[in-house]
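*Asks:* Okay, here's the prediction I keep looking at, along with the sequence it came from:
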Amino acid sequence: MKITVLSGKGGTGKTTVATNLALSLENVQLLDADVEEPDSYIFLKPEFGEEYEPVKRTVPVIDEDKCTACRKCVDFCEYNALAMMLDKVLVFPEICHSCGGCMRICPEKAITEKEREIGKIRWDESGKEVEFWQGELNIGEESSVPVIEHLKKHINDEKTVIIDAQPGTTCPTVEAAIDSDYCLLVTEPTPFGLNDLKMAVEMIKEIGKPCGVIINRSEEGYNHIIEDYCKEEGIPVLMKIPFKRRIAELYSVGIPFVEELSGWKERFQELYTRIKEAIEK
Ligand code: SF4
Ligand code: SF4
């Protein structure tokens with residue numbers, strides 16, 4: 001079973017949910033697909049080795065001796081990764097999507113490709129109960145999706161897989177969620193939280209995945225902001241994590257609260273059971 005944990009915006013508690021859920025289950029794998037800013041490692045404390053898997057993409061290389069400055073490649077590139085300056089084609093590798101189209105349409109066969117590293121995959125070598133993999137996008141790179149695609153190659157179908165997705169509703173979040181069996185949406189009971197939750201729900205509807213909501217920093221007087229919307233949409237609120245100083249203190253020193261506060265492992269196990277039942281339905 002693959003569960004993707006996501007949120008419409010950053011800072012809502014997505015990593016808190018992903019790591020605490022993983023630490024409450026057995027035979028589990030956690031993939032940190034928030035590759036622009038992976039932070040699950042702060043709570044899981046993995047032992048990364050020296051070795052890593054590079055994530056590479058191809059980018060065009062222009063042979064100036066063959067190029068006749070016809071501009072066909074520049075006009076073709078939808079991503080504006082090519083520009084013409086003084087009859088010379090300039091390549092902006094960070095925004096190239098490696099589609100290979102410019103190479104195919106060049107009438108002079110003046111374009112070839114070369115590989116460049118855009119990110120890396122690391123893994124925990126400590127042998128802990130939670131099998132942990134982390135994707136990292138190199139600084140200055142634009143495109144997270146290839147790193148997430150590469151990370152997902154390490155999904156272990158023999159285990160329960162939890163994917164900590166990038167916040168938002170753009171391509172990297174869709175890529176993290178697209179193969180999952182269930183999406184767990186983490187939000188907070190504020191108007192901003194509701195606004196971003198609505199966008200995340202629209203995205204999930206598009207990709208056709210079952211989903212449920214977790215309210216983080218839950219407070220009785222404010223939960224109705226999220227609960228009313230979930231009721232209208234027929235989305236279950238599966239868990240509420242209270243706005244408590246002790247939980248915030250543990251978070252601030254990188255301690256998953258299931259390890260310190262009694263009863264929470266059991267609640268996350270119940271959450272898992274509800275997700276499983278929803279998928280089976
Ligand atoms: S399509 Fe080929 S020949 Fe034309 S500008 Fe681009 S690289 Fe040069
Ligand atoms: S490979 Fe595709 S995205 Fe990259 S420069 Fe060529 S046309 Fe643009």
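*Replies:* Right, received. Where do you want to start? Numbers count the residues shown, from 1 in each chain. Ligands and ions are numbered 1, 2, ... in the order given.

*Asks:* pLDDT below threshold where in this structure?
*Replies:* Residue ranges of the chain with pLDDT under 70: none are present.

*Asks:* Kindly report the domain assignment for it.
*Replies:* 2-48+128-280, 55-118 (automatic domain parsing).

*Asks:* Could you see whether ligand 2 lies near the first one?
*Replies:* No: legend: contact between domain 2-48+128-280 and ligand 2 by CB under 6 Å from any ligand atom is lacking; minimum distance shown is 9.9 Å. Quick note: C-beta positions are derived from backbone N, CA and C, even for glycine.

*Asks:* In the stretch 101-250 of the chain, which residue sits closest to ligand 2?
*Replies:* Closest approach between the stretch 101-250 of the chain and ligand 2, counting by CB to the nearest ligand atom: Cys102, at 3.3 Å.

*Asks:* in what helix or strand does that residue lie?
*Replies:* Cys102 belongs to helix 101-105 when assigned by DSSP states H and E.

*Asks:* tell me how far the next helix or strand after that helix is from the chain's mean position?
*Replies:* Once the chain leaves helix 101-105, the next helix or strand it forms, by DSSP H and E, is strand 111-123. Relative to its chain's centre, strand 111-123 lies at 19 Å (CA atoms, centre = their mean, to the nearest Å).

*Asks:* How about residues contacting strand 111-123?
*Replies:* With CB atoms under 8 Å, 6 or more residues apart in numbering as the test, strand 111-123 has contacts from 35, 46, 48-49, 52-63, 73, 93, 100, 102-103, 131-138, 141, 143-144, 146-147, 150-151, 154.

*Asks:* Recalculate using a threshold of 7 Å.
*Replies:* 35, 48, 52-63, 73, 93, 100, 102-103, 132-138, 141, 143, 146-147, 150-151 (CB atoms under 7 Å, 6 or more residues apart in numbering).

*Asks:* Buried residues in it, which are they?
*Replies:* Ile111, Arg116, Ile118, Gly119, Lys120, Ile121, Arg122, Trp123 (16 or more other CB atoms under 10 Å).

*Asks:* Starting from it, tell me which strands it pairs with and how they run.
*Replies:* strand 53-62 (antiparallel), strand 130-137 (antiparallel) (DSSP bridges).

*Asks:* Could you work out the most separated pair of the buried residues of strand 111-123?
*Replies:* Using CB to CB, those span at most 35.7 Å, a distance reached by Ile111 and Trp123.

*Asks:* Next up, the contacts around the residue nearest the centre of the chain.
*Replies:* Centroid-nearest residue in the chain: Ala165, 2.4 Å away (criterion: CA atoms, centre = their mean). Contacts for Ala165 (CB under 7 Å, 6+ apart) come out as Thr4, Val5, Leu6, Ala33, Asp34, Thr173, Ala176, Ala177.

*Asks:* Which residue, other than its chain neighbours, is closest to it?
*Replies:* Closest residue in space to Ala165, ignoring its immediate chain neighbours: Ala176 at 3.6 Å, by CB to CB, 6 or more residues apart in numbering.

*Asks:* so the residue of the stretch 101-250 of the chain closest to ligand 2 makes contact with Ala81?
*Replies:* No: the criterion here is CB atoms under 7 Å, and Cys102 misses it with Ala81 at 8.4 Å.

*Asks:* okay, and the common contacts of those two?
*Replies:* By CB under 7 Å, 6+ apart, no residue touches both Cys102 and Ala81.

*Asks:* contacting residues for the nearest residue in space to Asp124 that is not next to it in sequence?
*Replies:* Among residues not flanking Asp124 along the chain, Pro46 sits closest, at 3.3 Å (CB to CB, 6+ apart). Pro46 sits next to Asp124, Ser126, Phe132 when contact means CB under 7 Å, 6+ apart.

*Asks:* Before I go, just wanted to say thanks for your time.
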